[in-house]
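# fold the following and give me the result.
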Amino acid sequence: MGPSLNVVRGIIFALALFPFRRVFLEERHGWLKLWGLLLGLCILSTAGPAPGSVEGLIYTQMPWTTQLLGLREVVAQTLAFSYLLVAWHRRPGRAWGIVMGAIMVLVVLASIGGTLAAQRPGH
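Next up, the predicted model:
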């Protein structure tokens, strides 16, 4: 159910970032500022010892090379999120909403389907 529950995470992000929207959406290189914030607070300086974070490097026994390899995905995700969010705001259009909404529905349905399939007897 993880991907479906990311909708809740998205709402939390939206509420936290809303007061700073002008910095990210209207200033030059706003997407880069947003990405830097996410990179610093959500990836490298997490509150717990997540792999790839400073805490993870200090407090886990996972090799640092493995942790750095795992960073590729989350760094790319936050970069894509930051850029696409600002691009969507600067070039609004109905197509963006339709495409993003359809992707969200597909992710939620796939997540629910996977959860239901995993709960079937014999699997």
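# pLDDT weak spots in the chain?
Across the chain, the ranges flagged by pLDDT under 70 are 1, 122-123.
# quick one, longest helix in it?
Counting residues, the longest helix found in the chain (DSSP state H) is helix 64-90.
# and it, which residues are buried?
By neighbour count with 16 or more other Cβ atoms under 10 Å, helix 64-90 contains the buried residues 67, 71, 74, 75, 78, 79, 81, 82, 85, 86. All C-beta spots, glycine's among them, are computed from the backbone N, C-alpha and C.
# tell me what it is packed against?
helix 21-25, helix 30-38, helix 54-59 (3 or more Cβ pairs under 8 Å, 6 or more residues apart in numbering; DSSP states H and E).
# and the longest one with helix 64-90, angle?
Following axes from the mean of the first three to the mean of the last three Cα atoms, to 10 degrees, one obtains 140 degrees for the angle between helix 30-38 and helix 64-90.
# I'd like to know which elements helix 30-38 is packed against.
Against helix 30-38 (3+ Cβ pairs under 8 Å, 6+ apart) you get helix 21-25, helix 64-90.
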